[in-house]
Each structure stands twice: as C-alpha cells, then as structure tokens.
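Colleague: Sequence and computational prediction follow.
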Amino acid sequence: QDRVTARVVGAVAPRLEQAEIERARAKLTGHLDAYDVYLRGLAALHRWNREGNLEAIRAFRAATAKDASFASAYGLEARCYSQQKACGWVTDLPALIEATRQAAGRAIDFGRDDAVALATAGIGMAFVANEVSHGDDLVTRALELNPNLANAWLFSGWINGWLGRAEIALDHVARGMRLNPYDPETAMMYAAKGYAHFVAGDYADAARWAERSARNRPSYLIASCILAASRAFLGDIAEARRMVARIREIDHRMSATKLIALYPIQRDIDRDRWREGMRIAGLPD
C-alpha cells in the first residue's frame, strides 16, 4: 500500500505543480501573491539557463519580501546558487558561498518542519558551501518529514556519492526517479546516477547515464565531466576529448585543479581518480 501511494504521489504531484505554474503565469504581475511569485521562480529555475536562473532568484526574493517567513522560497534561492555552480556560471565563488549560506540559513530557521526548505538548503550547504555532513543531516531530516519528496532522494544521492557511498547513492537516486519520472530535474538524476557508478568503478554505466544527462541538458557541466572521465578510463580517448572541448566551451578557464575544487568529493581516492580521468581526457591540470 505504501509503494502504491508513493507511485501515485510521484505521478500526480509534478502535474499539479505544473498546473499551478501555468495558472501563475496567466495572472497579472500586480496581482501575484507570494506563492504565485514562488511558482514563477520555480518555472524559471526549470529552464536551466543563466537568464532563467537570475529570474528565479529575483522571484524567490520577491516571494520572501511579501512573506518573510516563506521557508521554501529561501530554500529554492539556495537551490538557484547550486544550479549556478553545477552549470559553471560562477564568477565569484566566495560571494556565491555567502549568498547560499544566508538563503539556506533562513530556510532552516523558518522551515524546521518544511521538507522542501530543508532539502534545498541541504543541497546548497553540501554542494556550494562544501559542508557535506550538514547538508546530509538537512536532507535526511527532509526525508523523515516527507519520504515521497523525489528531489530530497536525488539530493541525498548526490551527497552520498560525494561521501563515497556508491550503493546508497544509487538506491536513493533510483527512489527519486521512481517517485517522479517526469521531474524537470531528470538530467540531474541521470548525472547523479552516473557519478555514483563512477565512484563504484563501473565506468560503462557511469558513461551511459552521464551521456543521457548531457544529451538532456548540454549546459550541465558535471554531466560532461563524468562522461569525459568515464570515457577516458574506458579507453575512448576521442570521445573523452570531445567532452573536454565541450567543458572548455562552458568554462574556458576550467582545469583539473579547478574542477576538483568545485565539487565536494570527500574521499582522497575519489578525488584522485576523478583528476586522473580528466587528465587522461586532456583537461589541463
């Protein structure tokens, strides 16, 4: 019965959310309340481009200006900053970390029983601020509050991957995918699964999932990185170097050292393997 309920929630919830977004789009800006502005921000965030990201930040800030205790809006603002880092749109990392900490801190303060606020604050703290244990605690609490929240399972998958727990990461990402197969974050789910396989040393499956992610979202930097390193270890140097060229198009200053600094990989063995894969693929050190 619980599994059936979870599948129903996974099938219905995203359609309800999309219907609410379309309703909010149709209303005049001057008549939007905090939740309508929040939904517009969510729609902009799902576009996965720089303009949409900045529009989403403005919307979430407008929502919290209307309602200073709107925990989920603070959390989604922190989520915007993690999207910026994931896509290589960062120009000032210390400023991004500070903005993330502020937004996540407010999400936590106002949303101690809000699963969305805690999950989005958690991925921001883990990924952007490199406070992985803190982020893990927040996402775990979100799942205790709402075990049907697909994105919380996804974020837990990423965090467990960075902690080197490949089997747990794969299980948690799979749960998120089952709960919401129509999620706008599908590319992120594919990449998380690819990274977990990479940590497990299964480079063929890592490449397969990373390729699906990169095809879905060409701007998603980490998907191309996972694909490049995996192809390098599989001996497909030509494809690995093609991915490095794409990475350098997204961020012409990207190097192996910068890449290692961008992602909060906690185990030396995983960092060293990541660096070696990217070196074989042709990314400058």
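Modeller: Thanks, I have the structure now. Residues are numbered from 1 along each chain as shown.
Colleague: now Asp136, nearest residue through space, not along the chain?
Modeller: The shortest distance from Asp136 to any non-neighbouring residue, by Cβ to Cβ, 6 or more residues apart in numbering, is to Ile159 (5.0 Å). Every residue, glycine included, has its C-beta placed from N, CA and C.
Colleague: Surely the one you found touches Ala126?
Modeller: Yes: using Cβ atoms under 8 Å, Ile159 makes contact with Ala126 at a distance of 5.1 Å.
Colleague: What's the local residue count around the closest residue to Trp48 other than its chain neighbours?
Modeller: Spatial nearest neighbour of Trp48, excluding adjacent residues (Cβ to Cβ, 6+ apart): Arg217 at 5.6 Å. Using other Cβ atoms under 10 Å, the number of residues around Arg217 comes to 21.
Colleague: Could you report the distance from Arg217 to Leu154?
Modeller: 14 Å (Cβ to Cβ, to the nearest Å).
Colleague: Could you do Ala117 as well?
Modeller: Going from Ala117 to Leu154 by Cβ to Cβ gives 16 Å.
Colleague: And Gly277, by the same measure?
Modeller: Noted for Gly277: a distance of 23 Å to Leu154, by Cβ to Cβ.
Colleague: in this protein, which spans are strands?
Modeller: All residues of the chain lie outside strands when identified by DSSP state E.
Colleague: Worst mean pLDDT across the helices and strands of it, which element?
Modeller: helix 2-26 (a mean of 49; mean pLDDT, DSSP states H and E).
Colleague: pLDDT averaged over stretch 113-125 - what is it?
Modeller: Taken as a whole, stretch 113-125 has a mean pLDDT of 97.
Colleague: what distance separates that stretch from the centre of its chain?
Modeller: Chain-centre distance of stretch 113-125: 12 Å, with Cα atoms, centre = their mean, to the nearest Å.
Colleague: And Gly277 and Leu154? Which one has more around it.
Modeller: Leu154 (28 against 24).
Colleague: For the more buried one, which residues are in contact?
Modeller: 172-173, 176, 183, 185, 188-189, 192 (Cβ atoms under 8 Å, 6 or more residues apart in numbering).
Colleague: can you pick the most crowded of those residues?
Modeller: Sorting the contacts of Leu154 by how many neighbours each has (other Cβ under 10 Å) puts Ala192 first, at 32 neighbours.
Colleague: Could you tell me the model confidence score at it?
Modeller: On pLDDT, Ala192 comes in at 97.
Colleague: any idea how far His46 is from it?
Modeller: Counting by Cβ to Cβ, the gap from Ala192 to His46 is 17 Å.
Colleague: cool, and Leu283?
Modeller: 30 Å.
Colleague: In terms of packing, which of these two has more residues around it?
Modeller: Using other Cβ under 10 Å as the criterion, Leu283 and His46 rank with Leu283 on top: 25 against 16.
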